[in-house]
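>>> Sequence and predicted structure, then a few things I'm wondering about:
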Amino acid sequence: MKIGVQSIHFNADSKLLDFIQKRANKLDQFFDQIISGEVYLKLENVEDEANKISEIKLIVPGGTLFAKEQCKSFEEATDLAIESLRKQITKHKDKTRAKLSEHKAILSESEASDY
């Protein structure tokens, strides 16, 4: 899966980029039809320690999945966002399977009534 990473208000080092790519590649285990992904890393100017935001957008057939997390480190935020996307992927797969099985049932009923 192709992942684009954009860091806003700072320059991301290669270790962080490799970490994000490795975590995002694990989503292929759950859904192999992911077209592409975008990761936005933001550093907010706030007094709180949890000022690092990771936003991940995945393009899948039939829609777009999005997760945003804010934590003390980009790694932690990315892990939480990936976990959220994993749940969304599972839900998306269940919905598409249900629609597909409905269509198959309708087709089989109409074919049976033709005879």
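Here it is on my side, so go on. A quick note: this is a predicted structure, and the numbers were derived from the prediction, not measured. Residues are numbered from 1 along each chain as shown.

>>> Mind jotting down where the strands sit in the chain?
Counting by DSSP state E, the chain has these strands, from start to end: 2-8, 36-43, 52-60, 63-71.

>>> For those, state which one has the densest average packing.
Highest mean neighbour count of these: strand 52-60, a mean of 20 (counted as mean count of other C-beta atoms under 10 Å). In this view, the C-beta of every residue, glycine as well, is placed from N, C-alpha and C.

>>> Kindly tell me how buried the closest residue to residue 33 other than its chain neighbours is, as a neighbour count.
Spatial nearest neighbour of residue 33, chain neighbours left out: residue 61 (5.5 Å); criterion: C-beta to C-beta, 6 or more residues apart in numbering. Neighbours of residue 61 under the rule other C-beta atoms under 10 Å: 10.

>>> Got the confidence number for residue 61?
pLDDT, the model's per-residue confidence, is 90 for residue 61.

>>> and it, what are its phi and psi?
phi -60, psi 120 (degrees, to the nearest 10).

>>> what about this structure, any weak spots by pLDDT?
Flagging of the chain using pLDDT under 70 yields the residue ranges 111-115.

>>> Residue 25 is nearest to which of the strands of the chain?
strand 2-8 (8.1 Å; C-beta to C-beta).

>>> Give the other helices and strands that that closest one contacts.
helix 14-25, strand 36-43 (3 or more C-beta pairs under 8 Å, 6 or more residues apart in numbering; DSSP states H and E).

>>> Could you dump those into CSV with distance to residue 95 added?
Shown next, in CSV, are these (distance: least, C-beta to C-beta, whole Å):
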stretch, distance to residue 95
helix 14-25, 22
strand 36-43, 20
